[in-house]
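Participant: Pasting the sequence and the predicted model now:
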Amino acid sequence: MSDNKPFNNFFQTPNEYPEAGTSRTPRLVRRAITQYRRLPKEKRAKQPLLYWLLGSGTPPYKMSKQDSNYTDGSVKESQNCGNCKFAYQNVKSKKYICSQVSGGIAPKDWCKLWKP
């Protein structure tokens with residue numbers, strides 16, 4: 001029996017991150033993951049869990065732009081949202097989103113949460 005069989009039988013797509021939503025995950029994130037997993041198989045196949053979580057509005061577990069000191073344009077030459085590990089570009093819309101800060105972001109902007 002292949003190691004992938006339990007994964008393939010339980011999760012409908014390879015983008016669902018089976019380790020997500022474990023007991024160490026914050027309650028609000030677990031709730032969002034549960035909602036995702038209840039979506040129809042076809043919808044989950046079109047939108048991986050990560051993009052669904054990051055693009056689903058402004059969840060309460062994200063920091064506000066004000067609290068993160070988000071600025072239009074980088075205050076540090078080598079640091080910007082475009083090269084931060086928390087920033088992602090939505091494949092379809094091409095808009096940038098952050099896993100830590102609420103709302104849309106721009107690749108040339110910056111906040112105090114920046115990480116390489």
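Facilitator: Now that the structure is in, tell me what you want to look at.

Participant: for the chain, which helix is longest?
Facilitator: helix 27-37 (DSSP state H).

Participant: In three-state terms, label I97 for me.
Facilitator: Here I97 is recorded as strand under DSSP: H, G, I helix; E, B strand; the rest coil.

Participant: What about it, how many residues nearby?
Facilitator: 22 (other CB atoms under 10 Å). For glycine as for every other residue, the C-beta is placed from the backbone atoms N, C-alpha and C.

Participant: Looking at the residue nearest the centre of the chain now. What's its pLDDT?
Facilitator: By CA atoms, centre = their mean, the chain has its centre lying nearest to L54, at 3.4 Å. Looking at L54, its pLDDT stands at 70.

Participant: ditto for the one 5 residues further on
Facilitator: The pLDDT attached to P59 in the predicted structure is 56.

Participant: still on that earlier bit, what sits against the closest residue to the residue nearest to the centre of the chain other than its chain neighbours?
Facilitator: Spatial nearest neighbour of L54, excluding adjacent residues (CB to CB, 6 or more residues apart in numbering): I97 at 4.8 Å. Residues near I97 by CB atoms under 8 Å, 6 or more residues apart in numbering: 54-55, 87-90, 104-105.
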